[in-house]
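>>> can't give you the sequence, but here's the structure:
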């Protein structure tokens, strides 16, 4: 499962989700706020117990990517959808 973890309390982050939804025509990306139990569980599995709300996180199934690497990987995956 491909998941974007975003700060659910951030307006810009929520707008980013809307942008990703608009370009993800095949609906291969899922979303969950960093404040959710799912996000906490997924990040804890990767060794992150206190995620930075200012950081972009993307999980492509097994791998966790953050910051610009996560954005680039996400865009690649949407293109391959």
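It's in. No experiment lies behind these values; they were computed from the predicted model shown.
>>> Residue 58: what's its closest spatial neighbour, skipping adjacent residues?
Computed as Cβ to Cβ, 6 or more residues apart in numbering, the closest residue to residue 58 that is not its neighbour in sequence is residue 70, at 3.7 Å. The C-beta positions use only the backbone N, C-alpha and C, and glycine is treated the same way.
>>> so that neighbour is in which element?
Take DSSP states H and E as the rule and residue 70 turns out to sit in helix 67-80.
>>> Check which helices and strands that helix sits against.
If contacts are counted by 3 or more Cβ pairs under 8 Å, 6 or more residues apart in numbering; DSSP states H and E, helix 67-80 sits against strand 2-6, helix 11-23, strand 29-33, strand 57-59.
>>> returning to what we had before: please list all residues in contact with the residue nearest to residue 58.
Contact analysis of residue 70 by Cβ atoms under 8 Å, 6 or more residues apart in numbering lists 56, 57, 58.
>>> ok, back up a step: considering the helices and strands packed on helix 67-80, which stretch scores lowest in mean pLDDT?
Within the helices and strands packed on helix 67-80, confidence is poorest for helix 11-23, with a mean of 92 (mean pLDDT).
>>> For it, name the packing helices and strands.
With contacts taken as 3+ Cβ pairs under 8 Å, 6+ apart, helix 11-23 sits against strand 2-6, strand 29-33, helix 67-80.
>>> Tell me which of those sits most buried.
Burial of those is given as mean neighbour count (mean count of other Cβ atoms under 10 Å); strand 2-6 ranks first at a mean of 22.
>>> What is the distance between that one and the centre of its chain?
Shown here is strand 2-6, whose average C-alpha point lies 2 Å from the average C-alpha point of the whole chain (Cα atoms, centre = their mean, to the nearest Å).
>>> Now do that strand against strand 29-33: the angle between them, please.
An angle of 30 degrees separates the directions of strand 2-6 and strand 29-33 when computed by axes from the mean of the first three to the mean of the last three Cα atoms, to 10 degrees.
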